[in-house]
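> Generate a structure from the sequence data that follows.
(2 chains)
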2 protein chains.
Amino acid sequence: MNIAEYMQKLGRQARQASRQLAAATTATKNKALLATAAELDARRDQLLQANALDMRAGAAKQLDAALLDRLELTPARIDAMIEGLEQVASLPDPVGAITDMNYRPSGIQLGKMRVPLGVVGIIYESRPNVTVDAASLCLKSGNAAILRGGSEAINSNQAIASCLASGLELAGLPAEAVQVVETTDREAVGELIKLSEYVDVLVPRGGKGLIERISEGARIPVIKHLDGVCHVYLDQEADKDKALAIAINAKTHRYGTCNTMETLLVHESQAASLLPLLAEAYIEKGVELRGCSRSRLLAPAMQAAIDSDWTTEYLAPILAVKIVDSLDDAIEHINRYGSHHTDAIVTENFTRARRFLNEVDSSSVMVNASTRFADGFEYGLGAEIGISTDKIHARGPVGLEGLTSQKYVVLGNGHIRE
Amino acid sequence: MNIAEYMQKLGRQARQASRQLAAATTATKNKALLATAAELDARRDQLLQANALDMRAGAAKQLDAALLDRLELTPARIDAMIEGLEQVASLPDPVGAITDMNYRPSGIQLGKMRVPLGVVGIIYESRPNVTVDAASLCLKSGNAAILRGGSEAINSNQAIASCLASGLELAGLPAEAVQVVETTDREAVGELIKLSEYVDVLVPRGGKGLIERISEGARIPVIKHLDGVCHVYLDQEADKDKALAIAINAKTHRYGTCNTMETLLVHESQAASLLPLLAEAYIEKGVELRGCSRSRLLAPAMQAAIDSDWTTEYLAPILAVKIVDSLDDAIEHINRYGSHHTDAIVTENFTRARRFLNEVDSSSVMVNASTRFADGFEYGLGAEIGISTDKIHARGPVGLEGLTSQKYVVLGNGHIRE
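Numbers count the residues shown, from 1 in each chain, chains lettered A, B, ... in the order given. The predicted model follows:
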């Protein structure tokens, strides 16, 4: 069987399994999740052995330290995977929820029912824990999943896949409800993104390059997250303590996350009082500052920002800083240079707060809160399959609900159109 | 300026205008809609003259009668366009609605705000009234629109575009909020569907071939409707009167609509009592019947159905008929051969009704009601931009809400991540 035929087979099997999964009860799905957790717990040694193979191959291929770190399974990371499954089992089941059942003038009663999307294809890097996270969210939301992890994690992913298969079977669900692609051939990705007959949505997770390539070639809708160029804007009526706390937290709480602030905007009337203090605090934490010319007059330790700084997601202890003359300028800057991910204003002014919320075109807009809050756990979605910077279907952190859709339900008593 | 440059220019202008439109108040948008209606009313002669040019050119090109009929503007059709604008003005504005503002354990308050998608590209056939319908829905939902109608309607569409531009300007909105493509060159469509920087969603309207071509080539999400292969299933506990009324209405109320029944499924225990009566009624109305072998024993006037009949959207007085042995067989047939548009069961049995609603994977599922109810007006959405058979973003009739998305809103009081 060649790669194209193999992927067609996975697709067919996923579609078939998706029908059973869509009709599965909440209890059955939870049983599969908890049985998988028990399997992971029971097979810790196997998981660690499989992962050791991947780690040795990775070291031989001289993968960089960050990649090896993401690839590694440890007892603590297995614990986290097990906890993740238990958490997803404890989340409310979105499937089947019926809302808005109202009578229409014709006499029919019309509402909406939440249903799974069908089959979800997930393409991700060499992080074995994503295999469990993604599979559990798909399963709970009633979707079959085809998982294509990075080739460096193939042994770890196969070991996890085997736990998932056992968990599904113990619950009476088809093992094909979660399929981990068994080949590391890159052609498998090329085939997966064209399986429009069998796959309803693709979720690529990883670097921007990967996501762009997949979006370009896909023949299936993609839920994607490209960049996190997030902003905090300190308004002329920003409370000083809130401004300092949020500006520091949004940048320094974690550097490598997509909801970390990458550009700080400061109203010119606040710059003289806030920027020197902030610059000192950032430099103390080892953050490199790149400022506009006006900022640099107030904080000479800054390097000069160049145009590309306004559009760069550093994912590192680097921050771009710009002084703006008005809320309009701040909104204009964010909508033009940002990535429509998460942006915050710090202000005590009601009207400007409201304008910021209305006019900033991002998946999360915030007043007096750190951009770091923009994730699935903080938003109460449980785990997240990704954070969408698209506008279609799902925006922002995508959890169980983002993996579902709504169909119309019509109840009548022999009603016909006149 | 070549076509590619011209389309780029429209895209840039639309993106620019979309920001103003997104921030426009409900009153301003309604003013633009009503001012456009007044312009259409004031310029009836111009509209009819422009349309006469199109009709003459169409006749010279020997367009078929159905196409010429759709192309024609009459005083009554201008009235209908004016009424359509007034109706859309009277619909509630979806933009800015904030829902689910709840406190999270961290202390932030989290909710969702409904926002426009941005720029909508609509590609449609030579029906001038679609220009007004589509423009009005986009405008009310705060989206800029780029409209590419069929080349045969170019003069009519330009005349309508000029009314729209006046209406927008009278309300203080940029005329570029609604742009009608001025060239009939087919390359314009090819360029439009790749303007991913400027266009957020495409809505193709027309024949299946057109929609498939656009979906294939698009680099932008598409809200589409391919087929309407709708079913009515008469269960073993179908009430006889309801069964007859719904089966007749779903097929014969209108033949050319996508929510018309194309296949009738009958439980074997009901076939002997219902099929002869139904066959007589259909034949009286001039409906050609194509049945499975068992159906033909009961209604000999039926032709023999072949495999392709189960997947055909006739859009004509033709009906496929099949006897099935169980609800499972009916659901299996619908999910396999149908187009996931609209399907109905007629039954008095509670449990089978519930199973049908849950397990039929279509954008509208109905109990004891005619499939003909599946449209935007009957569902109370006002007009509709289309009926989506996709699962992503919007399913079923797509009105104002389908042209919007939701962003997250976070309110804090200096909240930071610990």
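> and stretch A:182-201, is it in reach of chain B?
Yes: judged by Cβ under 8 Å from any Cβ of the partner chain, stretch A:182-201 and chain B are in contact via A:D200, A:V201. To be clear about C-beta, it is placed using only N, CA and C from the backbone, and glycine gets the same treatment.
> Using PDB, write down the CA coordinates of that stretch.
The C-alpha trace of stretch A:182-201 is given here as PDB (Å, rounded to 0.1, in the frame of the first residue of the first chain):
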ATOM      1  CA  GLU A 182       2.200   5.300  11.500                       C
ATOM      2  CA  THR A 183       4.600   6.500   8.800                       C
ATOM      3  CA  THR A 184       7.100   9.400   9.200                       C
ATOM      4  CA  ASP A 185       7.000  10.000   5.400                       C
ATOM      5  CA  ARG A 186       6.300  13.700   4.800                       C
ATOM      6  CA  GLU A 187       4.000  12.700   1.900                       C
ATOM      7  CA  ALA A 188       1.500  11.600   4.600                       C
ATOM      8  CA  VAL A 189       0.900  15.300   5.500                       C
ATOM      9  CA  GLY A 190       0.400  16.200   1.900                       C
ATOM     10  CA  GLU A 191      -2.200  13.500   1.500                       C
ATOM     11  CA  LEU A 192      -3.900  14.300   4.800                       C
ATOM     12  CA  ILE A 193      -4.600  17.900   4.000                       C
ATOM     13  CA  LYS A 194      -6.400  16.900   0.800                       C
ATOM     14  CA  LEU A 195      -8.700  14.200   2.300                       C
ATOM     15  CA  SER A 196     -11.700  16.500   1.900                       C
ATOM     16  CA  GLU A 197     -14.000  13.500   1.600                       C
ATOM     17  CA  TYR A 198     -13.100  12.200   5.000                       C
ATOM     18  CA  VAL A 199     -11.600  15.000   7.100                       C
ATOM     19  CA  ASP A 200     -13.800  18.000   8.100                       C
ATOM     20  CA  VAL A 201     -11.300  20.300   9.600                       C
END
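> Report the buried residues of that stretch.
Neighbour-count burial for stretch A:182-201 flags A:A188, A:V189, A:E191, A:L192, A:I193, A:K194, A:L195, A:Y198, A:V199, A:D200, A:V201 (criterion: 16 or more other Cβ atoms under 10 Å in any protein chain shown).
> need the residues you listed in CSV with pLDDT, can you?
Shown next, in CSV, are these (pLDDT from 0 to 100):
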residue, pLDDT
A:A188, 95
A:V189, 95
A:E191, 96
A:L192, 96
A:I193, 94
A:K194, 93
A:L195, 95
A:Y198, 95
A:V199, 96
A:D200, 93
A:V201, 94
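> Buried residues of the longest helix seen in chain A, list them for me.
Assignment by DSSP state H gives helix A:3-23 as the longest helix of chain A. With burial defined by 16+ other Cβ under 10 Å, the residues of helix A:3-23 counted as buried are A:3, A:6-8, A:10-11, A:13-23.
> any idea which helix or strand comes after that helix?
Next helix or strand after helix A:3-23 toward the C-terminus (DSSP states H and E): helix A:26-42.
> Report the distance from the helix or strand immediately after that next one in the chain to the chain centre.
Tracing the chain past helix A:26-42, the next element assigned as helix or strand by DSSP H and E is helix A:44-60. Relative to its chain's centre, helix A:44-60 lies at 27 Å (Cα atoms, centre = their mean, to the nearest Å).
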